[in-house]
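Colleague: pasted the sequence and its predicted model underneath.
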Amino acid sequence: MRHRGGGLLGPGFVSGASDADPTTVASLAVVGAATGYMLSWLVVLLLPMIAVIQSIAAAVGASQTSIQDAIKRRYGLTWAWLALAGVLAVNVMTLAADIEAGGESLSLLSGVPREIFLIPFAGAVAWLLLRRSYLRVERFLSYLPFIFICYGISAVLAKPDWAALLHSLVSPHFNLTPPVVTGALALLGTTLTSYVYYWESIEVSERGTKPSQARAMKADAAWGALAPGICFFFILVATAATLGKTHTNVQTAADAAIALQPLAGRWATTLFAVGLLGSAAIAVPVLAGTSAYVLAQTFGWRASLDARPQEARPFYAALVGSLVVSTALAFAGSSPIALLYWASVAGGLATPLTLWLLVAIASNATIMGENRIGKRLAAGGAAVAAIVTLSSAVFLVTLL
């Protein structure tokens, strides 16, 4: 993928866009409807957290290695297998949820049952990747999820309780009720999920980034988190101001679209469906690609979306296989919103291991050389990993 070096948009933009995937949108809608403005402070806190982790991942990529390859070389196959298991488990579940979301968005636009679209949607993604055409449309697709900025206008028009929102931001409150604990873990899990920072490191590495460009890549990664983070806040506020007033249980995509009614009226569902389709279209290839890359790096296969399928058969087989398995899971018949939400919770439970390994690798002079991250960035990464770990522990204790 070395030809990606040109253009104004860096890998941070693509990784950031993929973070605004359907699981994130669904989780924010569920949390906003169930808890109102209570977790708005956490959504704001996510901005620097995502920026820190993406910057660390970019630094690893700039050292001309990948997270998984570095884990294998530094800590051995046992840790590499554990990281692989964690990444694949969450990726497959999230991929299934996002494929189902793609089908649901097409269903909302056409009125045809979503099951009709699952195989064609996954097949179209596979075709683009196998034909090496995805890279040509990747930048365009990366803009589509930002249609969710419309939630900002809708949030204002919905006349939110500004006093309650401000109180939540300046005086954060957290209780141990299941909706709040689960919601917090879902938000952390969906925005700090491993595929986003793995993909960041892969893209930076395959650009052939020079040491002199490392700082620019880290800045690109941090800025790439800004627009999605703003969208996240808008979605939560708009949902809290509409569905949150009655604590409506969000079960379908049409329910989530209600938060856009103050802006779009009867076109709210259509607007939401277009944004959902765009977010699925950018996230599904990234998820499938990340799964294939991590498998290839664990087993030493050639891995590149620039390579022809016949030149990297195991890599492309893993890519298509992840789409096949996830599409089969999407036919399980579960509610799209429920599957998206619980995929986020699964991400929260699985990502602490890879977060800690990421920080350890990026702080290691032997692996990173002159690209080793500084003490402040390492401390920030450790703090993020600790917060996600603590959230996972609180969730498990509350569950038990």
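Modeller: Yes, it's here. Residues are numbered from 1 along each chain as shown.
Colleague: so Val294 touches Leu84, yeah?
Modeller: Yes - in this structure, Val294 is within contact of Leu84 by Cβ atoms under 8 Å, at 5.9 Å. To be clear about C-beta, it is placed using only N, CA and C from the backbone, and glycine gets the same treatment.
Colleague: and these two? Which one has more around it.
Modeller: Val294 (29 against 21; other Cβ atoms under 10 Å).
Colleague: tell me the contacts of that one?
Modeller: Shown in contact with Val294 (Cβ atoms under 8 Å, 6 or more residues apart in numbering): Gln68, Ala83, Leu84, Val87, Leu88, Tyr198.
Colleague: what is in contact with Val294 and Leu84 at once?
Modeller: Common neighbours of Val294 and Leu84 (Cβ under 8 Å, 6+ apart) are Gln68.
Colleague: poorly predicted segments of the stretch 1-150 of the chain, please.
Modeller: The model of the stretch 1-150 of the chain has pLDDT under 70 over residues 1-10, 13, 134-146.
Colleague: distance of Leu339 from Leu226?
Modeller: Distance, Leu339 to Leu226, using Cβ to Cβ, to the nearest Å: 28 Å.
Colleague: kindly report the same for Ala379.
Modeller: 22 Å.
Colleague: and if you look at Val90?
Modeller: Applying Cβ to Cβ, one obtains 24 Å for the distance of Val90 from Leu226.
Colleague: of those two, who's got more company?
Modeller: Legend: neighbour count by other Cβ under 10 Å for Val90 and Leu226, higher for Val90 (27 against 15).
Colleague: how about the host helix or strand of Gly321: buried residues?
Modeller: Using DSSP states H and E, Gly321 maps to helix 313-330. For helix 313-330, burial by neighbour count (16 or more other Cβ atoms under 10 Å) applies to Pro314, Phe315, Tyr316, Ala318, Leu319, Val320, Ser322, Leu323, Ser326, Thr327, Leu329, Ala330.
Colleague: stretch 224-239 now?
Modeller: Of the residues in stretch 224-239, 224-225, 227-239 count as buried by neighbour count, 16+ other Cβ under 10 Å.
Colleague: helices - which of the residues you listed land there?
Modeller: Among the buried residues of stretch 224-239, DSSP state H puts 224, 227-239 in helices.
Colleague: ok and the helix or strand harbouring Val345 relative to helix 313-330, angle-wise?
Modeller: Using DSSP H and E, Val345 sits in helix 336-362. On the basis of axes from the mean of the first three to the mean of the last three Cα atoms, to 10 degrees, helix 336-362 is oriented at 150 degrees to helix 313-330.
Colleague: for helix 336-362, what is the average pLDDT?
Modeller: For helix 336-362, the mean per-residue pLDDT is 93.
Colleague: can you pull the buried residues of the following helix or strand past that helix?
Modeller: Toward the C-terminus, helix 336-362 is succeeded by helix 365-368 as the next helix or strand (DSSP H and E). Residues Ile367, Met368 are the ones in helix 365-368 that count as buried (16+ other Cβ under 10 Å).
Colleague: quick one: the very next helix or strand once past helix 365-368 to helix 336-362, angle?
Modeller: Sequence-wise, the next helix or strand downstream of helix 365-368 (DSSP H and E) is helix 375-399. Angle, helix 375-399 to helix 336-362, by the same axes, to 10 degrees: 140 degrees.
Colleague: residue contacts, Ser63?
Modeller: Neighbour list for Ser63: Ile367, Met368, Gly369, Asn371 [criterion: Cβ under 8 Å, 6+ apart].
Colleague: ok, the residue nearest to Thr252 when sequence neighbours are not counted to Lys159 distance?
Modeller: Once flanking residues are discounted, Thr252 sits nearest to Ile337: 6.0 Å by Cβ to Cβ, 6 or more residues apart in numbering. With distances taken as Cβ to Cβ, Ile337 is found 25 Å from Lys159.
Colleague: okay, those two: which has more neighbours?
Modeller: Ile337 (27 against 10).
Colleague: got the contact list for that one?
Modeller: Under the criterion of Cβ under 8 Å, 6+ apart, the neighbours of Ile337 are Ala26, Ala29, Val30, Val250, Gln251, Thr252, Ala253, Asp255, Ala256.
Colleague: same thing with Leu46?
Modeller: Contacts of Leu46 (Cβ under 8 Å, 6+ apart): Leu187, Leu188, Thr191, Leu192, Gly229, Phe232.
Colleague: quick check: the third one touching Thr24?
Modeller: Yes - in this structure, Thr191 is within contact of Thr24 by Cβ under 8 Å, at 6.1 Å.
Colleague: overlap of the contact sets of the two?
Modeller: With Cβ under 8 Å, 6+ apart, Thr191 and Thr24 have common neighbours Phe232.
Colleague: burial of Ser171, as a residue count?
Modeller: Neighbours around Ser171, by other Cβ under 10 Å: 8.
Colleague: distance check, the closest residue to Ala382 other than its chain neighbours against Tyr293.
Modeller: Distance criterion Cβ to Cβ, 6+ apart; nearest residue to Ala382, sequence neighbours excluded, is Val359 at 5.5 Å. Taking Cβ to Cβ as the measure, Val359 falls 20 Å from Tyr293.
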